[in-house]
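Peer 1: How does the following fold in three dimensions:
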Amino acid sequence: MIRFSRRTNWNTEENDLSLAHRLRVEAGSPIVDLTISNPTRCGFKYDASLVASIADVRALDYDPQPKGLLAAREAVCRYYKEHGAALDPEQIVLTTSTSEAYSFLFRLLCDPGSEVLVPQPSYPLFDFLADLDDVRVKPAPLVYDHGWQIDAERFRRAISTDTRAIVLVHPNNPTGHFTKQWEARELARLCADFDLSLIVDEVFLDYHFRDSAESFAAGLEGVPVYVVSGLSKIAGLPQMKVAWIVATGPERVQAMDRLEVIADTFLSMNAPVQWALPGWLGSREALQIQIRARVEANLADLDRQLNGHEELRRLEVEGGWFAVLRIPALQPDEVTVRELLDQGVWVYPGYFFGMEDSGWLVLSLLGPEREFGTGVTSLIAYLGTHQGSNRASDLPK
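Peer 2: Below you'll find the predicted structure:
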């Protein structure tokens with residue numbers, strides 16, 4: 001028998017929902033996908049010059065720079081300058097993905113068995129990343145009261161002697177919660193009281209329904225802050241595999257020295273994308289305009305169709321490209337999602353993101369408008385037929 005590591009001892013069997021979805025796809029049965037979040041598959045227009053940027057002849061020279069080529073890091077600095085954060089290229093390490101950025105930071109900050117606090121609801125990727133770096137994820141709940149917000153006291157109670165960092169997604173995926181200034185002050189106080197670092201994922205920062213979107217790259221006084229982001233969302237280019245870490249706060253120089261060694265050990269960034277990065281970041285607005293228009297249109301259509309259905313409620317969203325629905329908690333969400341799939345509509349159950357097992361559905365707002373509207377119509381019709389006789393008082397509290 002081959003002996004595998006315990007860190008990869010996951011249940012790799014296909015779950016019932018994924019199996020049902022795959023079989024429906026293989027059978028050629030129609031599906032309206034309300035989970036789609038890959039911008040390259042959503043009908044947006046990409047300029048062909050984005051691909052041509054990779055052909056820069058300078059990429060033929062092998063110049064291994066652990067933190068990334070200076071020209072690429074300077075482009076990241078220009079991006080943050082537009083968000084009110086003045087950075088030095090020496091504060092930046094390029095990575096191939098935010099997943100790799102997280103892995104670098106877990107190795108920088110944590111020992112085997114250390115904990116990181118992650119607000120829930122949140123994307124389940126953290127569990128796998130933590131397993132691979134021998135770190136434990138400890139959930140700290142977001143609460144919903146006229147909008148999502150951090151419960152600082154419950155965060156405080158979740159901190160233990162093994163806790164090394166708090167992970168924050170700003171705005172959160174899938175809730176769309178934007179961290180307010182008072183929440184940032186509370187988090188800074190917790191980090192200072194317990195000698196913790198703050199890791200902030202800002203991949204959705206440019207997609208907000210607010211007047212402005214402040215970046216944590218400007219730093220928090222007295223707190224080590226590490227911001228991760230990348231082109232996957234900023235420029236709608238997940239396939240180009242470009243991301244970064246921004247380090248601010250106390251002991252930044254020592255942190256960067258260590259991150260440089262970690263990055264030098266892997267040297268994972270390739271030259272063509274680094275030389276193309278300034279152009280991709282500089283042209284991001286053309287795609288962002290399309291994405292913001294799509295998200296706003298789909299959100300407005302969702303609200304229009306939900307109007308008058310008191311048993312269904314769309315929770316407040318401040319950014320990103322997902323929406324959370326509360327529905328009567330009459331059966332497990334897995335059953336609801338499976339029955340919707342039988343109707344040709346594919347949605348996420350809330351428990352996928354750490355919500356309770358009943359009463360939550362998560363929809364992507366990124367899909368083509370006509371398809372999205374059709375899917376929402378079918379979803380509401382299904383819920384009206386199966387659950388419409390229930391009063392609003394049946395909603396989960």
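
Peer 1: in stretch 287-298, what's buried?
Peer 2: Applying a neighbour-count criterion of 16 or more other C-beta atoms under 10 Å, one finds 287-288, 290-292, 294-295, 298 buried in stretch 287-298. Yep, even glycine has a C-beta here, placed from its N, CA and C like the rest.

Peer 1: Work out the gap between that stretch and the centre of the chain.
Peer 2: Distance of stretch 287-298 from the chain centroid (C-alpha atoms, centre = their mean, to the nearest Å) equals 17 Å.

Peer 1: per-residue confidence averaged over that stretch?
Peer 2: Averaged across stretch 287-298, pLDDT comes to 98.

Peer 1: With stretch 107-117 instead?
Peer 2: Stretch 107-117 comes out with an average pLDDT of 97.

Peer 1: Pull out the buried positions in it.
Peer 2: Buried-residue list, stretch 107-117, by 16+ other C-beta under 10 Å: 107-110, 114-117.

Peer 1: end to end, how far does that stretch reach?
Peer 2: End-to-end distance of stretch 107-117: 15 Å, with C-alpha to C-alpha, to the nearest Å as the criterion.

Peer 1: contact partners of it?
Peer 2: With contacts defined as C-beta atoms under 8 Å, 6 or more residues apart in numbering, stretch 107-117 is touched by 106, 126, 130, 133-140, 155, 158-160, 162-167, 197, 199, 255, 258-259, 262.

Peer 1: quick revisit: just send the buried residues of stretch 107-117 back as TSV, with distance to Asp16 too.
Peer 2: Formatted as TSV, the entries for those read as follows, by distance: C-beta to C-beta, whole Å:
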residue	distance to Asp16
Arg107	36
Leu108	39
Leu109	37
Cys110	34
Ser114	34
Glu115	31
Val116	30
Leu117	31
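
Peer 1: Can you list which of these are found in helices?
Peer 2: Assignment to helices by DSSP state H places the following of the buried residues of stretch 107-117 there: 107-109.

Peer 1: Just the terminal-to-terminal distance for stretch 359-374.
Peer 2: End-to-end span of stretch 359-374 (C-alpha to C-alpha): 22 Å.

Peer 1: Just give me the neighbour total for Glu313.
Peer 2: To be clear, residue 313 is Arg; Glu isn't right here. By the criterion of other C-beta atoms under 10 Å, Arg313 has 15 neighbours.

Peer 1: That one touches Arg326, doesn't it?
Peer 2: Yes - here Arg313 reaches Arg326: they are 4.6 Å apart, a contact under C-beta atoms under 8 Å.

Peer 1: Now the helix or strand hosting Thr374: buried residues?
Peer 2: Taking DSSP states H and E as the definition, Thr374 sits inside helix 369-387. Neighbour-count burial for helix 369-387, with 16+ other C-beta under 10 Å as criterion, is recorded at 371-376, 378-380, 382-383, 387.

Peer 1: do stretch 301-316 as well
Peer 2: 301-302, 305-306, 311-312, 314-315.
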